[in-house]
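Colleague: Pasting the sequence and the predicted model now:
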Amino acid sequence: MCGGTGCRRDTCTWNIPAIVWPEPPPRPQYSQNLWKPEQLKMYILIRDDTPADLVPLIAAHTSMGTYKKFKDRFVVQKWFETKLQKKVICKVTPEVFWKAKEQGDYFALTEVRHQELGELGLGFRVLPEYPKFFKFLPLYKVE
């Protein structure tokens, strides 16, 4: 007789059908770069008509502003936790500067004491992979 505590399915006379659970949905696949924080980087674009004495200030303030704006994002947190937070600073023309704004989330910097110059720096959110647009930007070189 079945129904007691020692009942086994193969000897059960109640003949209850087995419960078949549906397959769980597949987990989303993420880029492997997401899990390698040392490869993450932040792009900072500085207009080439920026006065040379302001460039270090613009680069530093753009970096800090970009981090503060996007610090709640998972990838940005992983980037910040690494020993080396890589930043790529590029020198671009005003035309490329304005075109870059179409490439994703960014932080724009206007220096308070030089507002007549307009936006001088753009900082882009840390990403595992950037659009192709960023690969061809020239690095900022001190002349």
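Modeller: Arrived safely. Predicted model, so just to flag it, every value in this text is computed and none were measured.

Colleague: Counting by contacts, list what the helix or strand bottoming out on mean pLDDT in the chain packs against.
Modeller: Here the helix or strand of the chain ranked lowest by mean pLDDT, DSSP states H and E is helix 74-81, holding a mean of 86. Applying 3 or more CB pairs under 8 Å, 6 or more residues apart in numbering; DSSP states H and E, one finds that helix 74-81 contacts helix 55-70. C-betas here are computed from N, CA, C, even on glycine.

Colleague: what's the angle between the helix it packs on and helix 74-81?
Modeller: Here the directions of helix 55-70 and helix 74-81 differ by 130 degrees (axes from the mean of the first three to the mean of the last three CA atoms, to 10 degrees).

Colleague: so where's this structure shaky on pLDDT?
Modeller: Applying pLDDT under 70 to the chain picks out residues 1-18, 27-35, 37-38, 143.

Colleague: where do the strands sit along it?
Modeller: In the chain, the segments counted as strands under DSSP state E are 41-47, 86-92, 106-109, 121-124.

Colleague: Which positions are bridged to the residue lying closest to residue 86 once chain neighbours are set aside in the beta structure?
Modeller: Residue nearest to residue 86 in three dimensions, not counting chain neighbours: residue 41, with 4.1 Å by CB to CB, 6 or more residues apart in numbering. Beta bridges link residue 41 to residue 86, residue 127, judged by DSSP bridges.

Colleague: number of nearby residues for residue 41?
Modeller: Other residues lying near residue 41 total 18 when counted by other CB atoms under 10 Å.

Colleague: Equivalent analysis for residue 86, please.
Modeller: Counted by other CB under 10 Å, the residues lying close to residue 86 total 14.

Colleague: in terms of contact, does the residue nearest to residue 86 touch residue 88 like I think?
Modeller: Yes. Residue 41 lies in contact with residue 88 (CB atoms under 8 Å); the separation is 5.4 Å.

Colleague: Could you export the strands of the chain as JSON lines, including distance to residue 68?
Modeller: Formatted as JSON lines, these follow (distance: least, CB to CB, whole Å):
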{"stretch": "strand 41-47", "distance to residue 68": "12"}
{"stretch": "strand 86-92", "distance to residue 68": "14"}
{"stretch": "strand 106-109", "distance to residue 68": "8"}
{"stretch": "strand 121-124", "distance to residue 68": "10"}
